[in-house]
Structure formats: C-alpha cells, structure tokens
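Visitor: With the input below, show me the fold.
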Amino acid sequence: MAREPVPPLSAMNRTRWIAVASVAAGVALLAVLVAFTPWKLLAERVASVPWPGWVGATLGMSATYALRAGRLRAEWLWKLRTLGLGYRECLQVTLLHNAAINVLPMRSGEASYSFLLHRRWGVGLGDATASLLWLRLQDMMVLGVLGIAILVPAPLPWRIGFAVATIAAAATVLPRLVLRVHVHARRARARAHADASARRTRRAWHLVAKVAGAFRAARGGAAAWGFAIANWVLKLGIVGVLLASLADLPLGAGFCGALGGELAGVIPLQAPAGVGTYEAGVALGTRARRADAPAPGADARAAQAAPANTDNHRLIFGAALAVHALMLVVALATALAFSLIVRPQRAPESKP
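Guide: Numbers count the residues shown, from 1 in each chain. From the prediction side, this is the model:
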C-alpha cells in the first residue's frame with residue numbers, strides 16, 4: 001500500500017512554533033538581563049525608596065485598571081444599559097484581558113477582549129474586534145501626543161497646550177472622518193453592486209463600510225478620551241518616577257524610559273509579559289534625554305568615572321526589570337483577587 005503524503009505544516013502548528021520561539025527568546029533575554037543587572041546596587045536603590053512610595057506605586061498602578069474599566073464602560077454604555085450590567089463587569093473584563101496579555105506570548109492575549117465581550121455580554125465578534133482596534137488606536141494617539149510633549153524642548157505650558165489641543169482635535173476630527181469614509185464606502189459599494197463584473201471591488205468596499213460602521217458605533221465620546229488620557233498620564237508618571245528613583249536618573253529621562261517601554265509593546269513578536277522588549281524600550285527611551293553635549297574638560301572626568309557609568313547603564317536595565325516585575329505582579333494579583341472575591345453578572349443571552 002502506497003504511503004499517504006505527509007500533510008504540510010498547518011497554520012496552527014506554525015503559530016505554536018512561533019509561540020515557542022517567542023517564549024524561548026523571552027527566557028534568553030531574561031537570563032541576559034539577570035546576568036547583566038548589578039543586583040547589589042539595585043538592592044540599595046530599591047531600599048532607598050521608602051515603603052509608602054512602593055505602596056503608592058502599587059495603588060496607582062491598580063488605579064490605572066479602574067480608569068481602563070471606566071473607558072470600557074463609556075465605550076459600551078449603550079449595551080450595558082440594555083443588559084442591566086455595570087462598572088464591576090467592565091472592571092472584571094479589563095483585569096482578565098490585561099492578565100491574558102501579560103501571560104500569553106506575542107500579544108495573543110489581546111484576543112481575549114473579543115472573546116470576553118462575546119461570551120459575557122453577547123457582543124458580536126466583529127463589533128468587539130472593531131472596538132479593540134479603536135481602543136488601541138486611541139492609546140497610540142494619546143501615547144504619541146504625550147511622547148511629543150515629553151521630548152520637545154519647549155516650555156512646559158506650551159507642551160501642555162500642544163497635548164490638549166492635539167487630543168481635542170483628534171477627538172473632534174476622527175469621528176467626522178470616519179463618518180465620511182463610511183458614507184463614501186456605502187455609496188461605492190452600491191455602485192459596484194450594480195456592476196456584475198466588479199465582485200472584488202464590491203467586497204473591498206463592503207469590508208471598508210463594515211469597519212467604518214463599527215467605528216461609528218458608540219465609541220465613548222469625550223468620557224473615553226478623558227479616561228484614556230488619565231490612564232496614560234498616571235501610568236507614565238508612576239513608572240517614570242520609579243525609574244528615576246531606582247536608576248538615579250533625571251525625571252525627564254525616567255518619563256522617556258517609561259514611554260519607550262510602552263511603545264516597545266507594539267512589537268508583534270514578544271515573549272509573555274513582554275520580557276526583554278520592555279526593558280530594551282526603557283533603555284532606549286532614557287537615552288533620548290541623556291545625549292547632552294560634554295562640558296569642557298569632561299573627557300578626563302568621564303575616563304575616571306567610567307566604571308561608575310557602566311554600573312549606571314546596567315542599573316537602568318535592572319530598574320526596568322524591577323518596575324516590570326511590579327507591574328506584572330499587580331496585574332495578575334488584581335485579576336485573581338477580583339475574580340475570587342466578586343462574581344459579576346453575565347448578560348442573559350450569554351449564559352451557558
């Protein structure tokens with residue numbers, strides 16, 4: 001009997017191997033960071049931060065999840081009112097979604113958002129995915145504006161004014177732009193529908209109209225923008241202050257490091273919890289505020305201080321690793337505690 005041909009590698013197997021590779025890369029990066037970090041110096045810096053500071057940082061990071069839940073509630077308020085659900089259901093979805101992002105590799109935990117909304121609230125997968133894309137687009141716009149405000153060498157009032165004006169313009173212009181795209185796509189789809197030879201064109205415009213229509217759904221309005229801004233200002237502030245304290249950096253460099261770590265999260269190939277990429281993003285971010293021109297006679301002083309500078313450079317990775325570990329512990333602990341203590345209701349049609 002002839003042997004059957006071996007089937008080609010399936011997409012599932014490819015995804016599994018990519019996941020294994022990302023986990024292995026994360027473990028290798030973690031090993032390098034552990035070996036590279038000056039633990040004695042880091043322990044001294046950690047001890048230099050008083051315990052109220054660590055408690056405040058933990059509570060502040062927990063508060064960011066409350067702000068994200070508020071944005072989620074603003075995003076789906078019309079649906080929640082129909083189902084009789086409230087803020088605590090939004091908080092549980094937020095915590096579970098964030099925990100999945102930290103546990104699963106390659107940002108695959110993002111898919112839990114659509115799954116949770118579909119399973120618990122009866123939201124269609126297409127609408128839930130469009131909502132996730134919108135929230136991430138909103139996050140990137142807020143982070144981008146805050147990053148420009150941090151990096152641009154201008155007086156603080158000017159930078160604050162720029163950030164407020166830019167975000168206000170985005171919140172005003174984007175809905176109108178999406179409306180125009182939606183209307184144009186529907187008209188183009190109708191014209192293509194009359195032409196039997198334009199099947200591909202009709203499908204393309206149908207997809208554009210469907211995505212634009214999902215974006216036109218209630219997207220939270222000014223409240224969602226307010227929660228997004230408050231979340232990122234609070235998180236970048238906490239992480240920036242911690243990095244500055246642990247790595248003995250100026251506050252500006254600490255904030256740039258916090259921004260770099262968050263922006264590193266958009267890289268598709270990541271280990272669980274973003275181990276390695278986050279620390280690298282922090283290190284690159286801190287360099288944005290440390291490239292000052294040397295003063296006269298600084299070469300001799302730099303040569304004498306070379307060992308100390310090397311330790312300081314290594315300390316940045318250790319500080320990023322310590323802050324990252326705190327973020328991971330807070331994320332998983334809050335999700336576990338909330339799930340054990342509180343039992344939020346489900347939508348009637350989503351119950352098994």
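Visitor: where does the stretch 1-150 of the chain dip in pLDDT?
Guide: Where the stretch 1-150 of the chain drops to pLDDT under 70, the residues are 1-27, 29-30, 34, 36, 106.
Visitor: any chance you could map the helices in it?
Guide: Listed in chain order, the helices of the stretch 1-150 of the chain (DSSP state H, counting those that start in this stretch) span 11-36, 39-48, 51-75, 77-83, 87-103, 111-121, 125-151.
Visitor: Make TSV out of those and add distance to residue 179 and mean neighbour count.
Guide: Backbone N, C-alpha and C define where each C-beta goes, glycine included. Conversion of these to TSV gives the following (distance: least, C-beta to C-beta, whole Å; neighbours: other C-beta atoms under 10 Å):
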stretch	distance to residue 179	mean neighbour count
helix 11-36	36	14
helix 39-48	51	13
helix 51-75	18	18
helix 77-83	18	15
helix 87-103	27	21
helix 111-121	24	20
helix 125-151	14	18
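Visitor: Can you say which of those is nearest to residue 199?
Guide: Closest to residue 199 of the helices of the stretch 1-150 of the chain is helix 125-151 (C-beta to C-beta; 21.0 Å).
Visitor: Show me how far the closest one is from its chain's centre.
Guide: 9 Å (C-alpha atoms, centre = their mean, to the nearest Å).
Visitor: mean confidence for the helix or strand following that helix?
Guide: Sequence-wise, the next helix or strand downstream of helix 125-151 (DSSP states H and E) is helix 156-194. In this model, helix 156-194 has a mean pLDDT of 76.
Visitor: Stretch 280-295 now?
Guide: The pLDDT scores in stretch 280-295 average 68.
Visitor: Report all helices and strands that the helix or strand residue 222 falls within contacts.
Guide: Using DSSP H and E, residue 222 sits within helix 221-246. If you count contacts as 3 or more C-beta pairs under 8 Å, 6 or more residues apart in numbering; DSSP states H and E, helix 221-246 packs onto helix 39-48, helix 51-75, helix 125-151, helix 156-194, helix 251-263, helix 306-341.
Visitor: Mind doing that once more with 10 Å?
Guide: Applying 3 or more C-beta pairs under 10 Å, 6 or more residues apart in numbering; DSSP states H and E, one finds that helix 221-246 makes contact with helix 39-48, helix 51-75, helix 77-83, helix 125-151, helix 156-194, helix 251-263, helix 277-287, helix 306-341.
Visitor: Now the helices of the stretch 1-150 of the chain in CSV, please, with extra columns for distance to residue 285.
Guide: Output for the helices of the stretch 1-150 of the chain, formatted as CSV (distance: least, C-beta to C-beta, whole Å):
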stretch, distance to residue 285
helix 11-36, 16
helix 39-48, 18
helix 51-75, 18
helix 77-83, 35
helix 87-103, 20
helix 111-121, 27
helix 125-151, 9
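Visitor: Of all those, which one is nearest residue 322?
Guide: Of these, the one closest to residue 322 (C-beta to C-beta) turns out to be helix 39-48, at 6.5 Å.
Visitor: Helix 221-246 and that closest one, what's the angle between them?
Guide: 120 degrees (axes from the mean of the first three to the mean of the last three C-alpha atoms, to 10 degrees).
Visitor: any idea how far helix 39-48 is from the chain center?
Guide: That offset, for helix 39-48, works out to 28 Å (C-alpha atoms, centre = their mean).
Visitor: Touching it from outside, list them.
Guide: Identification of contacts with helix 39-48 by C-beta atoms under 10 Å, 6 or more residues apart in numbering yields 38, 54, 242, 245-248, 308, 311-312, 314-315, 317-319, 321-322.
Visitor: if you set the cut-off to 8 Å instead, what comes out?
Guide: Helix 39-48 is contacted by residues 245-248, 311, 315, 318-319, 322 when judged by C-beta atoms under 8 Å, 6 or more residues apart in numbering.
Visitor: CA atoms of that helix as PDB?
Guide: Provided in PDB are the C-alpha atoms of helix 39-48 (Å, rounded to 0.1, in the frame of the first residue of the first chain):
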ATOM      1  CA  TRP A  39      21.900  43.300  41.900                       C
ATOM      2  CA  LYS A  40      23.800  44.800  44.900                       C
ATOM      3  CA  LEU A  41      23.500  48.300  43.500                       C
ATOM      4  CA  LEU A  42      19.800  47.700  42.500                       C
ATOM      5  CA  ALA A  43      19.000  46.400  46.000                       C
ATOM      6  CA  GLU A  44      20.500  49.600  47.500                       C
ATOM      7  CA  ARG A  45      18.400  51.700  45.200                       C
ATOM      8  CA  VAL A  46      15.200  49.700  46.000                       C
ATOM      9  CA  ALA A  47      15.900  50.100  49.700                       C
ATOM     10  CA  SER A  48      16.300  53.800  49.200                       C
END
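Visitor: ok and it relative to helix 51-75, angle-wise?
Guide: Using the same axes, to 10 degrees: helix 39-48 against helix 51-75 is 80 degrees.
Visitor: ok, the residue lying closest to residue 192 once chain neighbours are set aside - how many residues close by?
Guide: Nearest residue to residue 192, sequence neighbours excluded (C-beta to C-beta, 6 or more residues apart in numbering): residue 202, at 3.9 Å. Residue 202 is flanked by 18 other residues according to other C-beta atoms under 10 Å.
Visitor: just checking, residue 202 touches residue 190?
Guide: No. The criterion here is C-beta atoms under 8 Å, and residue 202 misses it with residue 190 at 9.1 Å.
Visitor: these two touch, right, residue 256 and residue 152?
Guide: No. In this structure residue 256 lies outside contact range of residue 152 using C-beta under 8 Å: 11.7 Å.
Visitor: higher neighbour count, the two?
Guide: A side-by-side neighbour count of residue 256 and residue 152, using other C-beta under 10 Å, places residue 256 first with 26 against 10.
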